[in-house]
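J.: Need coordinates for the below:
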Amino acid sequence: MQVTVVVPTFNEAPNVQELVDRITQAAHGFDVDVLFVDDSTDDTPQVIERVAATAEIPVRVIHRTEPVGGLSGAVTAGLAAASSDICIVMDGDLQHPPEDIARLVARHRRGDVDIVVASRYAGDGTAGGLSDGSRVLASRGSTLLTKAMFPIRLREVTDPMTGFFLIDRRAIDVERLMPRGFKILLEILARQPLRVAEIPFDFATRHAGRSKASLRQGAELLVQLTALRFGKMSVFALIGAGGAVANLAIVWLLSRLGMPDVPAMIIAAETTILANFLLQERFVFQDMRAEAAGVLSRFGKSFAFNNAELIVRIPLTALLISSWHISVVIATGLTLIVAFVVRFLFHSLVVYAPRRAGRATSPAREFVEELDRQALSPGEL
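T.: Predicted coordinates for the structure are as follows:
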């Protein structure tokens, strides 16, 4: 039996030798090779190559100069490049004990599952490696939230947030994965029904280096959950809602400072147009940027459309204020809600439309097909 251990790394040079040594010792009754997918900014790839030169097992490294998709993208790239169909994904900091690789393989050998999850919360598993009480609380809370959003797919999984698991690559379509953030197991489990088993494990303390956990990762998890549960339009709406709140806050502040209504709305709108574009690039349409026009062209189209929409929306808002005798804040909120669907359609079908040398079908049919694809992308179940 051949097993490939996929290890995504970011600045983990001090851990490489220890990790490879312990994986080598853990491989009994099966052959193993290690594939590092490295996004480091330090000398980690050079250290991996030096370790590989003397290792008793095959060790390879893919160093990504453009780390698309974060940690999830690294794992996806590793699964695609693995030399065997049975892959074990684990972190490079030794908080996932290499000795448990044999237990993952033994459970998979029963032949009744596609994925074996190493769980901190099943049986006698522990999460002792979490550095403090706040991280324990965050881990438990995010696990409960995730299971609540996917009660059917995750009913047999106690730890969908773990990064330590065995997967039979033949059970999934790697090319269909849309990695974002750092919880690739959640992405895999949410995409399609799979046969899952768990083994408990003790989440160890970090061997060397610093933890990569951050508030930014927490925000990325919320975006990932929203996209998987409700689709691309929901993330667009989430960003739009944040922009609307910011818009209203700026209008309110400038109004309190004595600025007339129309200039206040213009300043608020231009500020949120720029902020929303940057967030949409990062969290909504990141999977479409490679095939779309360049970033300046995308920004130009987005900026022009939003300002054209603004030219229509501001007089309409002023009309609502004068006709309905409502406040500028309420009127602005109503018109922002109306504009949401039109914005999403324009950005999906025009701003991020793929560049094409020619058209095999009519523009009308392409419009309808693309609208259907975008409305249902990327994660409805």
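J.: Tell me where the stretch 251-381 of the chain has helices.
T.: In chain order, the stretch 251-381 of the chain shows helices spanning 261-283, 295-324, 328-346, 363-375, with DSSP state H, counting those that start in this stretch as the criterion.
J.: which one is V32 nearest to, not counting chain neighbours?
T.: Residue nearest to V32 in three dimensions, not counting chain neighbours: V3, with 4.9 Å by C-beta to C-beta, 6 or more residues apart in numbering. Backbone N, C-alpha and C define where each C-beta goes, glycine included.
J.: The one you found: what's it in contact with?
T.: 27, 30-33, 84, 86-88, 101, 105, 166 (C-beta atoms under 8 Å, 6 or more residues apart in numbering).
J.: One more pass at 6 Å, please.
T.: 30, 32, 86 (C-beta atoms under 6 Å, 6 or more residues apart in numbering).
J.: Go ahead and confirm the first one touches M1.
T.: It refers to F30. Yes - using C-beta atoms under 6 Å, F30 is in contact with M1, at 4.1 Å.
J.: Between these two, tell me which one has more neighbours.
T.: Comparing F30 with M1 by other C-beta atoms under 10 Å, the one with more neighbours is F30, at 16 against 11.
J.: Give me the mean pLDDT for stretch 154-165.
T.: Averaged across stretch 154-165, pLDDT comes to 86.
J.: Low-confidence ranges, the stretch 251-381 of the chain, go.
T.: Residue ranges of the stretch 251-381 of the chain with pLDDT under 70: 287, 341, 356-381.
J.: let's go with 50 and repeat that
T.: For the stretch 251-381 of the chain, the stretches flagged by pLDDT under 50 are 359, 376, 378-381.
J.: about what we covered before: okay if I get the helices of the stretch 251-381 of the chain as a markdown table plus distance to A204 and mean neighbour count?
T.: Formatted as a markdown table, the helices of the stretch 251-381 of the chain follow (distance: least, C-beta to C-beta, whole Å; neighbours: other C-beta atoms under 10 Å):
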| stretch | distance to A204 | mean neighbour count |
| --- | --- | --- |
| helix 261-283 | 32 | 18 |
| helix 295-324 | 42 | 15 |
| helix 328-346 | 45 | 17 |
| helix 363-375 | 43 | 13 |
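J.: Of these, give the one that comes closest to H96.
T.: helix 261-283 (27.8 Å; C-beta to C-beta).
J.: Pipe the contacts of V3 into CSV and attach secondary structure, pLDDT and distance to V196 per row.
T.: Listed next are these as CSV, based on DSSP: H, G, I helix; E, B strand; the rest coil; pLDDT from 0 to 100; distance: C-beta to C-beta, whole Å:
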residue, secondary structure, pLDDT, distance to V196
F30, coil, 94, 21
V32, strand, 96, 22
I86, strand, 97, 15
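J.: Closest one of those residues to A318?
T.: Distance to A318, by C-beta to C-beta, is smallest for I86 among these, at 64.5 Å.
J.: so S83 sits in a strand?
T.: No - counting by DSSP: H, G, I helix; E, B strand; the rest coil, S83 is not part of a strand but coil.
J.: please begin residue numbering at 536 from this point
T.: Okay, residue one is now 536; in that scheme the one you just asked about reads as S618.
J.: Please, where are all the strands along the stretch 536-685 of the chain?
T.: Along the stretch 536-685 of the chain, the stretches classed as strands by DSSP state E, counting those that start in this stretch are 537-544, 566-573, 594-598, 621-624, 650-654.
J.: May I see those strands arranged in TSV, with distance to G660 as well?
T.: Compiled in TSV, the strands of the stretch 536-685 of the chain are given as follows (distance: least, C-beta to C-beta, whole Å):
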stretch	distance to G660
strand 537-544	20
strand 566-573	23
strand 594-598	28
strand 621-624	17
strand 650-654	5
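J.: Of all those, which one comes closest to P686?
T.: Judging the strands of the stretch 536-685 of the chain by C-beta to C-beta, what sits closest to P686 is strand 650-654, at 16.8 Å.
J.: Residues contacting that closest one, please?
T.: So strand 650-654 is contacted by 635, 639, 642-643, 660, 692-694, 699-702, 729, 731-736 (C-beta under 6 Å, 6+ apart).
J.: mean confidence for that strand?
T.: pLDDT averaged over strand 650-654 gives 94.
J.: Pairing partners for it, with directions?
T.: Here strand 650-654 is paired, per DSSP bridges, with strand 700-703 (antiparallel), strand 731-735 (parallel).
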